[in-house]
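K.L.:
The following block contains a protein sequence and its predicted model.
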Amino acid sequence: DAGVIQSPRHEVTEMGQEVTLRCKPISGHNSLFWYRQTMMRGLELLIYFNNNVPIDDSGMPEDRFSAKMPNASFSTLKIQPSEPRDSAVYFCASSFWGHENIQYFGAGTRLSVL
Amino acid sequence: AQSVTQLGSHVSVSEGALVLLRCNYSSSVPPYLFWYVQYPNQGLQLLLKYTSAATLVKGINGFEAEFKKSETSFHLTKPSAHMSDAAEYFCAVSVEGGKLIFGQGTELSVKP
């Protein structure tokens, strides 16, 4: 398996623009997680899905952030409008819920909002 | 609420020396526990896991961790550090719904 695939790897945008991050989980996994990592705040869970259904979005910082999982093989995290403080590395992870709950991480998307 | 505490945000050892990274957790039920490693500009990679089988768990790259219920600890060790071990290490506990609660991370530096 190719693992969790995230795109793009790097994104540079200007304040106010819409940003969409994409994630393809490992085939057969039924849970998907979006994290944000910064020097100041460390690794933060933003939202997670079980069987394509959002379970906990309490980590989503503001209404500017939204996430969708239209099917078992694809998820997006959207920021609209983006702000400089959104600059961070965003990770997607997937797991097979109920079997040891091991999460497998993608390589991340490094977002810079100018 | 379940939580994970990693003692020391930065640990520095000499090459060949013992590595000891500390992790304490709080959990009301027998937990699943994990150590992940993050190399620069990469995602997190599973190092080892405890899932209520053997209390001494062996992972990749010569690392191991011991689950001690009485101390609510899951410390990570490696007998002899290598330069390639320099990375950030995260301890995590599994909670309801399959979420992981991560510690704040420990950056390991290895001096030649």
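P.N.:
Great, that's in hand.
K.L.:
Kindly state the pLDDT recorded for the closest residue in space to B:A86 that isn't next to it in sequence?
P.N.:
Nearest non-adjacent residue to B:A86, counting by Cβ to Cβ, 6 or more residues apart in numbering or on different chains: B:V110, 4.8 Å away. The C-beta positions use only the backbone N, C-alpha and C, and glycine is treated the same way. In this model, B:V110 is scored at 97, pLDDT.
K.L.:
is B:V110 in a bridge, and if so with what?
P.N.:
For B:V110, the beta-bridge partners under DSSP bridges are B:V13.
K.L.:
Near it, how many other residues are there?
P.N.:
Residues contacting B:V110 under the criterion other Cβ atoms under 10 Å in any protein chain shown number 19.
K.L.:
How about the contacts made by it?
P.N.:
Applying Cβ atoms under 8 Å, 6 or more residues apart in numbering or on different chains, we find B:V110 in contact with B:S12, B:V13, B:S14, B:E15, B:A81, B:H82, B:M83, B:D85, B:A86.
K.L.:
give me every residue that touches A:R22.
P.N.:
A:R22 neighbours (Cβ under 8 Å, 6+ apart): A:Q6, A:S7, A:P8, A:F74, A:S75, A:T76.
K.L.:
so where does it fall, helix or strand?
P.N.:
strand A:19-24 (DSSP states H and E).
K.L.:
Name the residues of that strand that are buried.
P.N.:
A:V19, A:L21, A:R22, A:C23, A:K24 (16 or more other Cβ atoms under 10 Å in any protein chain shown).
K.L.:
any chance of the residues you listed in CSV, plus distance to B:Y25?
P.N.:
Formatted as CSV, the buried residues of strand A:19-24 follow (distance: Cβ to Cβ, whole Å):
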residue, distance to B:Y25
A:V19, 35
A:L21, 30
A:R22, 33
A:C23, 28
A:K24, 31
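K.L.:
Can you check the pLDDT for A:S66?
P.N.:
On the pLDDT scale, A:S66 gets 97.
K.L.:
which of the buried residues of strand A:19-24 lies closest to chain B?
P.N.:
Of all these, chain B sits closest to A:C23, with 11.4 Å by Cβ to the nearest Cβ.
K.L.:
Contacts only, for the residue of chain A found nearest chain B.
P.N.:
Using Cβ to the nearest Cβ, the single residue of chain A nearest to chain B is A:F105, 3.7 Å away. A:F105 makes contact with A:V4, A:F91, A:C92, A:A93, B:Y36, B:G43, B:L44, B:Q45, according to Cβ under 8 Å, 6+ apart.
K.L.:
Check the gap between it and A:S95 for me.
P.N.:
Applying Cβ to Cβ, to the nearest Å, the value for A:F105 to A:S95 is 10 Å.
K.L.:
from the middle of its chain, how far away would stretch A:14-23 be?
P.N.:
Offset of stretch A:14-23 from its chain centre (Cα atoms, centre = their mean, to the nearest Å): 12 Å.
K.L.:
try stretch B:25-40
P.N.:
Its chain's C-alpha centre and that of stretch B:25-40 lie 7 Å apart, by Cα atoms, centre = their mean.
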